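Participant: Kindly return the folded structure for what I paste below:
(chains A and B)
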Amino acid sequence: MWEKLNQIDVRILYVIMVILVVFPLLKPIGLPLPISTQTKNSYQAIEENIKEGDLVFLGVDFSPLQEAELWPQLVAVGGHLANKGARIVMLHVVPGGFRYEGRFADVLKSEYGLEYGVDFLCLPFSAGREAAFEAIVHDIKGLYKVDLYGESLTGYPLWNEISSAKDFKMFVEIADAPDWWLRPMSQVPGLLLWNGTVASGASTMAPFYQSGQMCGFIVGMAGGAEYEALTGKTGLATGAMDSQSLGHALIILFVVVGNLGYYMTKRGNASVN
Amino acid sequence: MAATLSVWLAAFLTLGVFSWMYKENPWFHFAENMYIGASLGHLAVTGFQNLKEIAVGPLVNENKYYMLIPILLGMLLFSRWTDKYAWMSRASMGFLVGTTAAVVMMGAIRAQLIQQVVATMMPLTSINNVIFVVLTIAATTYFLFTMRNKSAQKVMDLGKYVLMVAFGATFGNTVMSRISLFTGRAQFLLFQWLKIGQ
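Facilitator: Residues are numbered from 1 along each chain as shown, chains lettered A, B, ... in the order given. Now for the predicted structure:
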């Protein structure tokens, strides 16, 4: 019987996975979504530290590959910052980030009524990743001359109030597990660091949260869903949680059955020998 | 109209990639090559734009003649394509490696070494803290490859199991990421392309 497990057509497993992921999207099951202490603490970090008028960097450093996990996080966390009255300066050092910066700018204008140039700004792509962040830390005015749309930054009241990175209260980075942003930004005295990352990057960034170098840290689509629940605005991440849970349950089943099959087959071969 | 076309194109390419699950086929290869081509095209345009804005623009419009140095160093990198002149790229590579190391080193020593070591120095007043410190030391000891002491070997073995647990957690997180990727695509196909659900 266990040998037959090895002969199952893998396409059958794919079909089962597709059904389990797609079905809850069409007919939500409503599985409970407990909110982790980490996400609650991350929410509180913004709730307690950000006051009206505080300047906040919002790093939008992800490409379409990470959109499913990070776009809901961006909308939830960015919306929280907007509700707190923070003045948001968005930037990106990953080529694909411009798309999401522009999209979120539309969200800030339409859903939160923020005024571009006064309440928030979109900065253009800056090459060099860590080198770009070093330039932001040491000379942000020298690095950026125009905004995301090619207009001169000197025409915006918000930009004219900024003299350096030290004017900012918090740096919120929504990105796939890079620690290259944390190394330069941790040099700015008094700047709080907050990170939303993909699930596969959790193990890279978790030590920085555990050591207290970051005040907030949420992970993956689940982190986005938990944050949506805390802000009271459900979105794509919450709708996907049933699919996520069933998908994980299936993977666990496959791993258990697979290992059991391997062990039983090996034992069978040993007894034959 | 453009939005509808882009949704249909994205759906066509998404389903093309998923068709690999049945078997390799021309549809999948077309989607794969489109992705590679589009990524490279985007990279080329971004690179050209960077060159224009950061180097050539200031050189021509603001008379910043020192921009010739990085432009020349960048061009020398292409000499690697020829065997005869490949040696000319060593200066550029050296500059790249040196500056990257310098930039990274500044932050790495503070943020990734000192701060992490300080965070491990916690009072051994709770069972959590004791476990944390012991397992961190065990995991770090695993990497002392020159040690052959028997008692240290036991600590190294514990470190090995700690690393296995950590890799297992990383694997679990990676699975979560991959399921999220598929869920995101499924949401796109259902809600944006077929307009059913939500």
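
Participant: mind listing what's buried in the helix or strand residue A:79 falls within?
Facilitator: For residue A:79, the element it lies in under DSSP states H and E is helix A:67-83. Going by neighbour count (16 or more other CB atoms under 10 Å in any protein chain shown), the buried part of helix A:67-83 is A:67-82. For every residue, glycine as well, the C-beta is placed using N, CA and C.

Participant: Now find how far off-centre it is within its chain.
Facilitator: 8 Å (CA atoms, centre = their mean, to the nearest Å).

Participant: Quick check: next helix or strand after it?
Facilitator: Helix A:67-83 is succeeded, C-terminally, by strand A:87-92 (DSSP H and E).

Participant: ok, how many other residues are close to residue B:118?
Facilitator: A count of neighbours around residue B:118, defined by other CB atoms under 10 Å in any protein chain shown, yields 12.

Participant: just the one 10 residues further on next, same as before
Facilitator: For residue B:128, the tally of surrounding residues (other CB under 10 Å) stands at 9.

Participant: Compute the inter-axis angle for the helix holding residue A:79 and strand A:87-92.
Facilitator: Angle, helix A:67-83 to strand A:87-92, by axes from the mean of the first three to the mean of the last three CA atoms, to 10 degrees: 160 degrees.

Participant: Quick check: which ranges of the chain have low pLDDT?
Facilitator: In the absence of a named chain, this looks at chain A. Within chain A, the stretches with pLDDT under 70 are A:177, A:270-273.

Participant: nope, chain B please
Facilitator: If you take pLDDT under 70 as the line, chain B has these spans: B:2, B:147-148, B:198.

Participant: Look through it and tell me its longest helix.
Facilitator: Secondary structure assigned by DSSP state H gives helix B:150-187 as the longest helix of chain B.

Participant: Just confirm residue A:52 contacts residue A:85, I think it does.
Facilitator: Yes - using CB atoms under 8 Å, residue A:52 makes contact with residue A:85 at a distance of 3.2 Å.

Participant: Same drill for the two, tell me which one is more crowded.
Facilitator: Ranked by neighbour count (other CB under 10 Å), residue A:52 and residue A:85 place residue A:85 first, with 13 against 8.

Participant: what about that one, distance to residue B:35?
Facilitator: 41 Å (CB to CB, to the nearest Å).

Participant: do the same with residue B:134
Facilitator: Here residue B:134 is placed at a distance of 47 Å from residue B:35 (CB to CB).

Participant: how far away is the residue nearest the centre of chain B from chain A?
Facilitator: In chain B, the centroid-proximal residue (CA atoms, centre = their mean) is residue B:174; its distance is 14.0 Å. Separation of residue B:174 from chain A (CB to the nearest CB, to the nearest Å): 5 Å.

Participant: cool, and residue B:60?
Facilitator: Distance from residue B:60 to chain A, by CB to the nearest CB: 16 Å.

Participant: helices or strands up against the helix or strand that residue A:267 is a member of?
Facilitator: Per DSSP H and E: residue A:267 is located in helix A:236-272. On a contact count with 3 or more CB pairs under 8 Å, 6 or more residues apart in numbering or on different chains; DSSP states H and E, helix A:236-272 meets helix A:2-6, helix A:10-26, helix A:67-83, helix A:220-231, helix B:150-187.

Participant: looking at those helices, which is closest to residue A:96?
Facilitator: helix A:67-83 (8.8 Å; CB to CB).

Participant: How about the residues of the stretch 51-200 of chain A by chain B?
Facilitator: Those residues of the stretch 51-200 of chain A that sit near chain B, judged by CB under 8 Å from any CB of the partner chain, are A:65, A:67-69, A:95-96, A:125, A:127, A:130-131, A:134, A:179-180, A:182-184, A:186-187, A:198-200.

Participant: Would you show me how to pick out the buried ones of those in ChimeraX?
Facilitator: Entered in ChimeraX, the line below selects the buried ones among these, by 16+ other CB under 10 Å:
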select /A:67,68,69,95,96,125,130,131,134,179,180,182,183,184,186,187,198,199,200
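
Participant: where along chain B do the strands fall?
Facilitator: With DSSP state E as the definition, chain B shows no strands.

Participant: just so I have it, where are all the helices in it?
Facilitator: Going by DSSP H, chain B shows helices at B:2-18, B:26-50, B:57-61, B:68-76, B:89-107, B:115-120, B:127-141, B:150-187.

Participant: Mean neighbour count, the ones you listed: which tops it?
Facilitator: Comparing the helices of chain B by mean neighbour count (mean count of other CB atoms under 10 Å in any protein chain shown), helix B:150-187 comes out on top with a mean of 17.

Participant: what's it packed up against?
Facilitator: Short answer (3+ CB pairs under 8 Å, 6+ apart): helix B:150-187 packs on helix A:10-26, helix A:67-83, helix A:202-210, helix A:220-231, helix A:236-272, helix B:127-141.

Participant: Which helix or strand contains residue A:195?
Facilitator: Assigned by DSSP H and E, residue A:195 falls in strand A:192-197.

Participant: Tell me the span between the first and last residue of stretch A:26-37.
Facilitator: One end of stretch A:26-37 to the other measures 30 Å (CA to CA, to the nearest Å).

Participant: Any part of that stretch near chain B?
Facilitator: Yes - residues of stretch A:26-37 contacting chain B under CB under 8 Å from any CB: residue A:26.
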